[in-house]
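>>> just a sequence and a predicted model for now, questions to come.
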Amino acid sequence: MSQSVLAAYFPYGAPELQQFYQRFMTKGLVIAAILHLVGIGSYHAPDWLRKLGIIGEEPPPMRTVRIMKYSELGPPPSITNTSAAPAISVAAPTVKPSIGIPVPVPDAEINPEQTIATQTEMAEAAPVADVGDGGSGGVAVIESDIKIEDDGPPPDFVAFEKAPEVVKPVTPKYPELARRAGMEGTVFVRVWVDKEGKVRKVEIQKSDAEIFNQPAIEAAEQMVFTPAVQGGSPVSVWVAMPFKFKLNTK
């Protein structure tokens, strides 16, 4: 009896919550539909307004065009080159510029007319060029100097069959200040000997005292060597050599 009375006043399932659920569910669906319509409408609104004539058409993109005069373009390239340069035949010196090592031969094989041109003679030689000008016999002279130089300092290691030899040794000058102070030492230098046996550059590798560096460099620059030989031809190499500064106590 008591349970039926309680069920009559307090029904199972909380009907007030069911009423709130139905009401808020309806409000949520209406709000979601309105938001979707607003989003879609804002996206398509410009197109609809243009179709209705409320707003004007969107202006087309701007393009920049440069207008040039025909005279500024210049002449078109020619398919056939009618003004081709005439052929040039150059008469080079009869003596081929080369640097070699004299080799002794028997006297019977010596040609008295054959000589070895020096670098000065080769530099003074001016080849003559005959320019064909359609039969008019024009001749042009091209003056040029022939100069043989090394292509720069050699690498640290260069293979050679014959090492350079000192032809003109030079004794460095002993600094007076070091002499008075009783200083002694050794300077190791690296000398660039070119294909003619001349010293092109001197670098200090190791020194016991800086006061001996400059006299060692000046002495090395005045020295003359025989060039290093590789495959029968002279090559540029680096040569390491010491300069000893020692007081004569005798």
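It's in.
>>> confirm that Val191 sits in a strand.
Yes: according to DSSP: H, G, I helix; E, B strand; the rest coil, Val191 belongs to a strand.
>>> tell me the contacts of it?
By Cβ atoms under 8 Å, 6 or more residues apart in numbering, the contact set of Val191 is 199, 201-202, 220, 223, 238-241. Yep, even glycine has a C-beta here, placed from its N, CA and C like the rest.
>>> from those, list the buried ones, please.
Neighbour-count burial (16 or more other Cβ atoms under 10 Å) applied to those gives 199, 202, 220, 223, 238-239.
>>> and of those, the nearest to Lys168?
Comparing these against Lys168 with Cβ to Cβ places Met223 closest, at 5.8 Å.
>>> ok so, going back, and which of the buried ones among the contacts of Val191 is nearest to Ala163?
Distances from Ala163 to the buried ones among the contacts of Val191, taken by Cβ to Cβ, are shortest for Val239, at 7.8 Å.
>>> my read: the closest one touches Phe225, true?
Yes: using Cβ atoms under 8 Å, Val239 is in contact with Phe225, at 7.2 Å.
>>> and for the two, which residues touch both?
164, 193.
>>> how about the CA coordinates for stretch 185-203, as CSV?
Extracted in CSV, the C-alpha atoms of stretch 185-203 (Å, rounded to 0.1, in the frame of the first residue of the first chain):
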residue,chain,number,x,y,z
GLY,A,185,121.1,30.2,-34.9
THR,A,186,119.7,28.5,-38.0
VAL,A,187,117.0,29.6,-40.4
PHE,A,188,115.2,27.0,-42.6
VAL,A,189,113.7,28.5,-45.8
ARG,A,190,111.7,27.2,-48.6
VAL,A,191,112.8,28.5,-52.1
TRP,A,192,110.7,28.4,-55.3
VAL,A,193,113.1,27.5,-58.1
ASP,A,194,111.5,28.1,-61.5
LYS,A,195,112.1,26.3,-64.8
GLU,A,196,115.1,28.6,-65.5
GLY,A,197,116.8,27.9,-62.2
LYS,A,198,115.9,31.4,-60.8
VAL,A,199,114.6,32.0,-57.4
ARG,A,200,111.0,33.3,-57.6
LYS,A,201,110.0,33.3,-53.9
VAL,A,202,111.4,32.6,-50.5
GLU,A,203,109.4,31.6,-47.4
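>>> can you point me to the longest helix in this protein?
Longest helix of the chain, by residue count under DSSP state H: helix 15-52.
>>> give me the mean pLDDT for it.
If you average the pLDDT over helix 15-52, you get 79.
>>> sort out which residues of stretch 155-167 are buried, please.
Pro164.
>>> and the closest residue to Arg190 other than its chain neighbours, how close does it get to Phe225?
Leaving aside its chain neighbours, Arg190 sits nearest to Glu203 (4.6 Å; criterion: Cβ to Cβ, 6 or more residues apart in numbering). Here Glu203 is placed at a distance of 16 Å from Phe225 (Cβ to Cβ, to the nearest Å).
>>> between these two, which one's more packed in?
Just comparing Glu203 and Phe225: by other Cβ atoms under 10 Å the higher neighbour count belongs to Phe225, 21 against 14.
>>> so who does that one touch?
Per Cβ under 8 Å, 6+ apart, neighbours of Phe225: 164-167, 193, 197-199, 239.
>>> domains in the chain, by residue range?
2-52, 86-94+114-148, 165-245 (automatic domain parsing).
>>> now the strands for the protein?
88-91, 128-131, 139-141, 165-168, 185-193, 199-207, 224-226, 228-230, 233-235, 237-245 (DSSP state E).
>>> so what's the closest residue to Gln230 other than its chain neighbours up against?
Computed as Cβ to Cβ, 6+ apart, the closest residue to Gln230 that is not its neighbour in sequence is Phe160, at 4.4 Å. Counting by Cβ under 8 Å, 6+ apart, Phe160 makes contact with 228-230, 235, 237.
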